[in-house]
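J.: Any chance you could fold what I've pasted below:
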Amino acid sequence: MMNFDDLKDELLSVTDTGLKYAKSLDSSIEFEIYLYYNNRTEAQISQGVVNAKAGAVGGTAVRAAKGKQIGFAVASGVTADRVRFATKEALSIIQSVKVEDDRFQGFADPVGSGKEGVYHDDILTFGTDDLIKSCELVIQEATAVDERVKVVQAQADAEWGGYAVGNTRGVLAATRGCGNSIQCHVQAFENEERKGSSDFDLARDRLYNAEGLGKSVAEKAIGLLGAKKLDQTTKMTTIWTPMPAGLYIISSLAQSAGGRPVVDGVSPLCDRIGDTIGPKELTIIDDGQNPKRLATQAIDAEGLPQRSNPIIENGVLKNFFFDSYFGRAMDLDSTGNCVRGGGIFGGAIPYENRPSAGTMWLEVEAGKKREEDIISSIDGKAVLIRDFPLGIFHSSVATGEFSCVAGSAYLVENGELKGSIEPVSIAGNYYEGFKNLRAIGSNKETIPFGISVPTLVFDGFSVVG
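T.: Numbers count the residues shown, from 1 in each chain. Below you'll find the model as predicted:
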């Protein structure tokens, strides 16, 4: 069992030992070693059933390269023995499998390190009892709101860990991080109608705030009951509050502004650096160095410094994001955006995944209008949506076409929020959507999918209700 204070030193020591062993096997081969360790405590209460667990996951990933041939092997554990095992496996792959990657130009060259994010001591000592108490508070609050609240689920977690990367080109660096979060999901019933809502709090520089969360989510779920049919199929203004707005950005720009889609020429943004693709109020930065964001680390997943990269600035497409593999394919440097696994739905264990290019933490600059003022400025009808729109990721990077279903939807008419409506389908084109971005709210929120974003208002999407 490792501890937070010594984590980097221990990972670096094993990585350095592993590199020396790798060189002793064959000095003509390039090697890269990635060590990952994460300690996680979590608790969940659903319909009175309590589940809690605590434990650590650690593992090793080794890549070996000879010319354009690459071998990749993994092993659970971060001991010297496990590193040696994975190293021998990676070497045996390139000796037995003669497959070449024409784009590969070697592992990353050392260029220093960035800064780690902040951490909170109490997160490091959170136990399952603490998390269970938080979940109990959330559930008590939610069930006290209204007898129509029938299903409540609460989940809390705290984690800390880090990783080290070293290669035979001279990279040798490590980083640490931590975070904690709490989530609440509520379903309310009335006659045959059933509506759900959810919310969360997360941070790395403080403990999450459980107080008031259950009450807020339950009130939103109750507010969705009595939904009326929109009974309309038309193009109209749609108001995306922070959760769906963040998912809109993640499912569009985060998939099309870097890595493989750009290098392969699939993304329509490929040749558009310097072009205006949105209103001048739109600025989006991929910030891997904001000390309070969960994804901030000193290095990315191949050992290069994480950076702050403007993607869109005042409506103009400024940069793509790359790791060294895809950057070199474009005769460009890495932007510090190497990732391993993860992504919007999580679940992937980093050391089990090959490196690729991905966003670190997207920051959408807030506008000047409050959400209430945006609503009051609507002339005619609009639809406001909250929570997770189903199908938002069933889209095409190549065309930008998307279609999703918003279950938490409300009608806005002539500046007034009229009430909930039954689920509506929203469809359109991501790239056209940026052009038709009508307003950006001042209510910037951090959501647990790698983005901080305010309310966004789009014109021109098709709404079917």
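
J.: Check which residues of the one helix or strand F434 maps to are buried.
T.: Using DSSP states H and E, F434 sits in helix 430-435. Judged by neighbour count using 16 or more other CB atoms under 10 Å, the buried positions of helix 430-435 are 430-431, 433-434. In this view, the C-beta of every residue, glycine as well, is placed from N, C-alpha and C.

J.: want to throw those into CSV with pLDDT and distance to T17?
T.: Listed next are the buried residues of helix 430-435 as CSV, based on pLDDT from 0 to 100; distance: CB to CB, whole Å:
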residue, pLDDT, distance to T17
Y430, 95, 47
Y431, 94, 49
G433, 96, 51
F434, 96, 49
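
J.: Name the nearest of these relative to S216.
T.: Checking the buried residues of helix 430-435 against S216 by CB to CB gives G433 as the nearest, at 28.7 Å.

J.: That closest one contacts Y248, correct?
T.: Yes - G433 sits in contact with Y248 when judged by CB atoms under 8 Å, with a separation of 7.4 Å.

J.: ok, back up a step: determine the set of other helices and strands touching the helix holding F434.
T.: In terms of contacts (3 or more CB pairs under 8 Å, 6 or more residues apart in numbering; DSSP states H and E), helix 430-435 is packed against helix 242-251, helix 253-256, strand 456-464.

J.: Output those as TSV; include the columns mean pLDDT, distance to P279 and mean neighbour count.
T.: As requested, the helices and strands packed on helix 430-435 are exported to TSV (pLDDT from 0 to 100; distance: least, CB to CB, whole Å; neighbours: other CB atoms under 10 Å):
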stretch	mean pLDDT	distance to P279	mean neighbour count
helix 242-251	96	15	24
helix 253-256	94	14	24
strand 456-464	97	11	20
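
J.: you'd agree T276 is up against E313?
T.: No - the criterion here is CB under 8 Å, and T276 misses it with E313 at 10.5 Å.

J.: now the helices for the stretch 201-350 of the chain?
T.: Assigned by DSSP state H, counting those that start in this stretch, the stretch 201-350 of the chain shows helices spanning 213-224, 242-251, 253-256, 260-263, 324-329.

J.: between those, which one is nearest to G465?
T.: helix 213-224 (14.3 Å).

J.: Now that closest one - C-alpha only, PDB.
T.: Below are the C-alpha coordinates for helix 213-224, written out as PDB (Å, rounded to 0.1, in the frame of the first residue of the first chain):
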ATOM      1  CA  LEU A 213     -28.100  18.300  -3.000                       C
ATOM      2  CA  GLY A 214     -30.900  15.800  -2.400                       C
ATOM      3  CA  LYS A 215     -33.500  18.500  -1.900                       C
ATOM      4  CA  SER A 216     -32.500  20.200  -5.100                       C
ATOM      5  CA  VAL A 217     -32.600  17.100  -7.200                       C
ATOM      6  CA  ALA A 218     -36.000  16.000  -5.800                       C
ATOM      7  CA  GLU A 219     -37.500  19.400  -6.500                       C
ATOM      8  CA  LYS A 220     -36.300  19.200 -10.100                       C
ATOM      9  CA  ALA A 221     -37.800  15.700 -10.500                       C
ATOM     10  CA  ILE A 222     -41.100  16.800  -9.000                       C
ATOM     11  CA  GLY A 223     -41.100  19.900 -11.300                       C
ATOM     12  CA  LEU A 224     -41.000  17.600 -14.300                       C
END
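
J.: Show me what it is in contact with.
T.: Under the contact criterion CB atoms under 8 Å, 6 or more residues apart in numbering, helix 213-224 has outside partners 137-146, 148-149, 152, 154, 182, 184-188, 195-201, 386, 408, 420.

J.: Mind checking which of those are buried?
T.: For the contacts of helix 213-224, buried by 16+ other CB under 10 Å: 137-139, 141-143, 145, 148-149, 152, 154, 182, 184-188, 195-201, 386, 408, 420.

J.: In the stretch 301-450 of the chain, where is pLDDT below threshold?
T.: Of all residues in the stretch 301-450 of the chain, those with pLDDT under 70 make up the ranges 342-347.

J.: now the strands for it?
T.: Remark: strands assigned in the stretch 301-450 of the chain by DSSP state E, counting those that start in this stretch are 308-313, 316-317, 338-339, 356-357, 362-364, 381-386, 401-406, 408-413, 416-421, 424-429, 437-440, 445-447.

J.: any idea which of the ones you listed is most buried?
T.: Mean neighbours per residue, mean count of other CB atoms under 10 Å, is largest over these for strand 338-339, with a mean of 26.

J.: What pairs with that one, parallel or antiparallel?
T.: Its sheet considered, strand 338-339 pairs with strand 356-357 (antiparallel) by DSSP bridges.

J.: List of residues touching the strand it pairs with?
T.: Applying CB under 8 Å, 6+ apart, the contact partners of strand 356-357 are 258-260, 321-323, 325-326, 337-340.

J.: cool, stretch 98-111 as well?
T.: By CB under 8 Å, 6+ apart, the surrounding residues in contact with stretch 98-111 are 30, 32, 63, 65, 67-70, 167-172, 263, 302-305, 324-325, 328-329, 334, 338.

J.: Is there a quick PyMOL command that grabs whichever of those are buried?
T.: Selecting only the buried entries of these in PyMOL, with 16+ other CB under 10 Å as the criterion:
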select buried, resi 30+32+63+65+69+70+167+168+171+172+263+302+303+304+305+324+325+328+329+334+338
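
J.: ok, back up a step: which ones among the buried ones among the contacts of helix 213-224 lie within strands?
T.: Applying DSSP state E to those, the entries found in strands are 149, 152, 154, 182, 184-188, 195-201, 386, 408, 420.

J.: and the helix holding F434, how far from the chain's centre?
T.: Distance of helix 430-435 from its chain centroid, counting by CA atoms, centre = their mean, to the nearest Å, is 21 Å.

J.: on that earlier part again, can I get the buried residues of helix 430-435 in TSV with distance to L213?
T.: Shown next, in TSV, are those (distance: CB to CB, whole Å):
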residue	distance to L213
Y430	31
Y431	36
G433	31
F434	32
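
J.: just those now: which is nearest N309?
T.: Checking those against N309 with CB to CB, the nearest one is F434 at 17.9 Å.

J.: My understanding was that that closest one contacts T276; is that so?
T.: No - when contacts are counted by CB under 8 Å, F434 is not listed as touching T276 (9.8 Å).

J.: circling back to that earlier point, of the contacts of strand 356-357, buried ones?
T.: Counted by 16+ other CB under 10 Å, the contacts of strand 356-357 give 258-259, 321-323, 325-326, 337-340 as buried.
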